[in-house]
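Student: 3D, please:
(2 chains)
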Protein chains: 2
Amino acid sequence: MELATLQDVIERTYGARDRARGVPSTVAWLAEELGELAQAVRKGTPEQEAHEFADVLAWVASLANQMGIDLTTAIARYATGCPRCHDLPCSCP
Amino acid sequence: MELATLQDVIERTYGARDRARGVPSTVAWLAEELGELAQAVRKGTPEQEAHEFADVLAWVASLANQMGIDLTTAIARYATGCPRCHDLPCSCP
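Tutor: Below is the predicted model of the structure:
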């Protein structure tokens, strides 16, 4: 899935509700989902892991939508390798 | 950018190094980056916000790579609306 598609479907599915709750609530919810992902990675099944990865991505997309951030533009700095050393693979010390 | 492309470029850029550090270190680093995103959202510039969104996505991709999770498959449950109520927009209570 394209990041732009993800942002679009999350906006249409949850945009109005998430905006009504506000940015701090979205940050809190994203933090909660990251905790659930950490737990799934530690002791979950592959299905639980996939579920939590998706939830984290959905909340990242919702937060980006609220902040007016285009994730496709944002991630472009990683498109050709490490944004710090500009090497692929990364050669940062 | 496609999620599969993101996972591929992150694997080629950081895969060997991140795997050598291990999953718990990747979870810790992702948590650190989420903190930086939360701070950027609270008081950063749009450029800082975009930077931190990208870093969070990169670490999510690295963790997914290490866990053998395909993010494209994982996010498919959101592709047609809310995975709980199956509505678009979401109508969950």
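
Student: from here on, just use CA atoms for contacts and neighbour counts.
Tutor: OK.

Student: identify each buried residue in the host helix or strand of residue A:17, please.
Tutor: Here residue A:17 is covered by helix A:3-21, with elements defined by DSSP states H and E. Across helix A:3-21, burial judged by 16 or more other C-alpha atoms under 10 Å in any protein chain shown covers A:3-4, A:6-11, A:13-15, A:18-19.

Student: what of stretch A:74-88?
Tutor: A:74, A:75, A:77, A:78, A:79, A:81, A:82, A:88.

Student: how about the secondary structure of the last one?
Tutor: The one in question is residue A:88. coil (DSSP: H, G, I helix; E, B strand; the rest coil).

Student: ok, it - contacts?
Tutor: Neighbouring residues of residue A:88 by C-alpha atoms under 8 Å, 6 or more residues apart in numbering or on different chains: A:80, A:81, A:82, B:12, B:13.

Student: can you check the pLDDT for it?
Tutor: If you check residue A:88, the pLDDT there is 91.

Student: now do the first one
Tutor: Residue A:74 carries a pLDDT value of 98.

Student: so it touches residue B:56, yeah?
Tutor: No. Counting by C-alpha atoms under 8 Å, residue B:56 is not a contact partner of residue A:74; they are 10.7 Å apart.

Student: re earlier: among the buried residues of helix A:3-21, which ones lie close to chain B?
Tutor: A:3, A:4, A:6, A:9, A:10, A:13, A:14 (C-alpha under 8 Å from any C-alpha of the partner chain).

Student: can you check the pLDDT for residue A:31?
Tutor: 98.

Student: can you give me the neighbour number for it?
Tutor: Neighbour count for residue A:31, taken as other C-alpha atoms under 10 Å in any protein chain shown: 19.

Student: what's the pLDDT at residue A:93?
Tutor: 89.

Student: secondary structure class for it?
Tutor: coil.

Student: now it: how far from chain B?
Tutor: As judged by C-alpha to the nearest C-alpha, to the nearest Å, residue A:93 and chain B stand 11 Å apart.

Student: quick check: the gap between that residue and residue A:72.
Tutor: 28 Å (C-alpha to C-alpha, to the nearest Å).

Student: now the buried residues of helix A:3-21 as TSV including pLDDT?
Tutor: Listed next are those as TSV, based on pLDDT from 0 to 100:
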residue	pLDDT
A:3	97
A:4	97
A:6	97
A:7	98
A:8	97
A:9	97
A:10	98
A:11	97
A:13	97
A:14	97
A:15	96
A:18	95
A:19	95
